[in-house]
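> Okay, sequence plus prediction incoming.
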Amino acid sequence: MADITLFTIGHSTHSMDEFIALLKAHGVKKVVDVRTIPKSRHNPQFMEHSLAASLRAAGLTYRRVASLGGLRHFKPDSPNGGWRNKSFQGYADYMQTDEFREALENLIQRAQHNDLAIMCAEAVPWRCHRSMIGDALVVRGVRVLDIMTEKRATEHVLRPFARVEREKITYPPYEENDGPAE
């Protein structure tokens, strides 16, 4: 799978024209929305129906994949206690499920032409669960680029406190890894 490149992007406070320009600058033709709640009070242009219509009008496709959405609850016996942020810990727990693995494999299949971006709301990937999706993709041999500007996309790097066993990622508590979690 090393030949697959997948992008990530956060809509942030961009205008729709800016957002579409970012996507097109990196050759993105397909947008997969991984927001659990595909709405934005502060940026109504990113409400699901408005976003889908705007992307279609620009010649891009839109698909929402709720099974990759965030806002997951952590488990009391979680192996992912390295996260200080409990919502990230909850998502890491969700990453251990068959539902997540299936959704991720479907995403990889859609990304075969190197023209797909997953999107969420946060401008910077490390504040968003899409970075954890990026971790899961990287361990499966997918190249992940985080779109920052029209001219810059940064290579996604697996978090240093992540532990990988085949394709399974855990983020163990501090005493079991090399440093404090985010």
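It's in.

> How about residue 27, nearest residue that isn't a chain neighbour?
residue 115 (5.7 Å; Cβ to Cβ, 6 or more residues apart in numbering). In short, each C-beta sits where N, CA and C put it, glycine included.

> For the residue nearest the centre of the chain, give me the pLDDT.
Most central in the chain under Cα atoms, centre = their mean is residue 130, positioned 2.1 Å from the mean C-alpha point. What the model reports as pLDDT for residue 130 is 96.

> pLDDT of stretch 97-107, averaged?
In the prediction, stretch 97-107 has an average pLDDT of 98.

> One more: stretch 169-181?
71.

> Then stretch 134-145?
On average, stretch 134-145 scores 98.

> so where is the protein shaky, pLDDT-wise?
1-2, 175-182 (pLDDT under 70).

> Tell me where it has helices.
Using DSSP state H, the helices found in the chain span residues 16-25, 48-57, 86-94, 98-110, 130-138.

> so can I have a markdown table of the ones you listed showing distance to residue 158?
Conversion of those to a markdown table gives the following (distance: least, Cβ to Cβ, whole Å):
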| stretch | distance to residue 158 |
| --- | --- |
| helix 16-25 | 24 |
| helix 48-57 | 29 |
| helix 86-94 | 13 |
| helix 98-110 | 15 |
| helix 130-138 | 5 |
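
> What's the local residue count around the residue lying closest to residue 106 once chain neighbours are set aside?
Leaving out its chain neighbours, the residue that sits closest to residue 106 by Cβ to Cβ, 6+ apart is residue 65, at 7.6 Å. Counted with other Cβ atoms under 10 Å, the neighbours of residue 65 add up to 17.
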